[in-house]
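Enquirer: build me a model from this:
(one chain, ligands or ions: 2)
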Amino acid sequence: MPMYLVLIGPPGAGKGTQAKVLSEQKNLAHVSSGDLFRDNIKRQTELGKQVEAILKRGDLVPDDVTIAMVRDRLKQPDCAAGAVLDGFPRTPAQAAALNKMLGEFGGKVNLVPYINVSEKSLIERLTGRWTCKSCGTVFHQKFNPPKVQGKCDKCGGELAQRPDDQEETVKNRISKYLSETSPLIEFYQKAGVMAELDGEKKIEDVTKQLLAAVAKIR
Ligand code: ADP
Ligand code: AMP
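Expert: Numbering: from 1, shown residues only. Ligands and ions are numbered 1, 2, ... in the order given. All right, here's what the predicted structure looks like:
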């Protein structure tokens, strides 16, 4: 039976950072809806052109478009054993669609690690985030600096700041999270699959909490 882990938390909580480690450790695909959108924008596909302005503003892409994109991704062969979902679902409609599609794939949401971080930390994390243009590895100028400034430790690629990581856009993204996404915390709590992690701790300490929660899955 495939295994699906859904990382939930506000923008900047550390979902991408933790999803990378978790997917490698558990041999699962890392499926980030944000990365999928950014890849489409980079390649200027029809989907990319359709969503570019939405991401720039920090608004949410409509559910139907997002659900179809993630469904296609989860059907790929590298997701046969399951996936670590990062950034999806972000609305109750997406969460319902996910349950339905995982049922079709013979699986379910096994665990929802919720990375809880205060709003104050989020702004500092996002405005200091640097992402590798080639491999997507994420750094932070203060909390996780690259060995050589501007260069990726992993692949030597060039680091860039995301256009939606400016303070004004960050505030809009956090507000969208609070209104659209935070109801999912209760949804998954009621489903009995949520594990709350203290996201204020150091990256390595959050990873420890996360792996301990995953080890408890029966
Ligand atoms: P998300 O995917 O949830 O938006 P990221 O994983 O991209 O968040 O992390 C946002 C920024 O915060 C990155 O620059 C990352 O290096 C940094 N970061 C992630 N986790 C922590 C942590 N526990 N403490 C401090 N900084 C962190
Ligand atoms: P992220 O990389 O998770 O920070 O996402 C970046 C942006 O992509 C968000 O601000 C949204 O504009 C869009 N996005 C990513 N995932 C979703 C989703 N599940 N639903 C709607 N929009 C999304």
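Enquirer: now the strands for this structure?
Expert: 3-7, 29-32, 82-86, 109-116, 129-132, 138-140, 159-160, 194-198 (DSSP state E).
Enquirer: quick one, what contacts the residue nearest the centre of the chain?
Expert: By Cα atoms, centre = their mean, the chain has its centre lying nearest to D86, at 2.6 Å. D86 sits next to L7, K15, G16, A19, H30, V31, S32, S33, G34, D35 when contact means Cβ atoms under 8 Å, 6 or more residues apart in numbering. C-beta: built from backbone N, CA, C; applies to glycine.
Enquirer: relative to ligand 1, how far out is it?
Expert: Note on D86: its distance to ligand 1, by Cβ to the nearest ligand atom, to the nearest Å, is 6 Å.
Enquirer: and the residue of this protein closest to ligand 2?
Expert: G34 (1.9 Å; Cβ to the nearest ligand atom).
Enquirer: correct me, but that residue touches G87?
Expert: Yes - with contacts counted by Cβ atoms under 8 Å, G34 reaches G87, the gap being 4.7 Å.
Enquirer: list the residues that contact both of these two?
Expert: Contacts common to G34 and G87, judged by Cβ under 8 Å, 6+ apart, are G16.
Enquirer: higher neighbour count, these two?
Expert: Neighbours were counted for G34 and for G87 using other Cβ atoms under 10 Å; G87 has more, 23 against 18.
Enquirer: what about the more buried one, distance to G9?
Expert: 10 Å (Cβ to Cβ, to the nearest Å).
Enquirer: overlap in contacts, those two.
Expert: By Cβ under 8 Å, 6+ apart, the residues touching both G87 and G9 are K15.
Enquirer: quick one: furthest residue from the center of this protein?
Expert: Most peripheral residue of the chain (Cα atoms, centre = their mean): V148, 25.8 Å.
Enquirer: contacts only, for I67.
Expert: Applying Cβ under 8 Å, 6+ apart, the residues near I67 are A93, Q94, A97, L98, M101.
Enquirer: spell out the residue ranges of the helices in this structure.
Expert: Using DSSP state H, the helices found in the chain span residues 15-26, 33-42, 46-57, 63-74, 92-104, 119-127, 167-176, 183-190, 203-215.
Enquirer: which positions within the third one qualify as buried?
Expert: The neighbour-count check on helix 46-57 (16 or more other Cβ atoms under 10 Å) flags L47, G48, V51, E52, L55 as buried.
Enquirer: and it, C-alpha only, in CSV?
Expert: What follows is helix 46-57, C-alpha atoms only, in CSV (Å, rounded to 0.1, in the frame of the first residue of the first chain):
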residue,chain,number,x,y,z
GLU,A,46,-0.1,27.2,-20.8
LEU,A,47,-0.5,26.4,-17.1
GLY,A,48,2.5,28.5,-16.3
LYS,A,49,1.2,31.5,-18.1
GLN,A,50,-2.2,31.0,-16.5
VAL,A,51,-0.8,31.1,-12.9
GLU,A,52,2.2,33.4,-13.1
ALA,A,53,0.4,36.6,-11.9
ILE,A,54,-1.4,34.7,-9.1
LEU,A,55,1.9,33.4,-7.6
LYS,A,56,3.4,36.9,-7.9
ARG,A,57,0.6,38.4,-5.9
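Enquirer: for the chain, what lies in contact range of ligand 1?
Expert: 9, 11-17, 125, 128-129, 138-140, 143-144, 199, 201-203, 206 (Cβ under 6 Å from any ligand atom).
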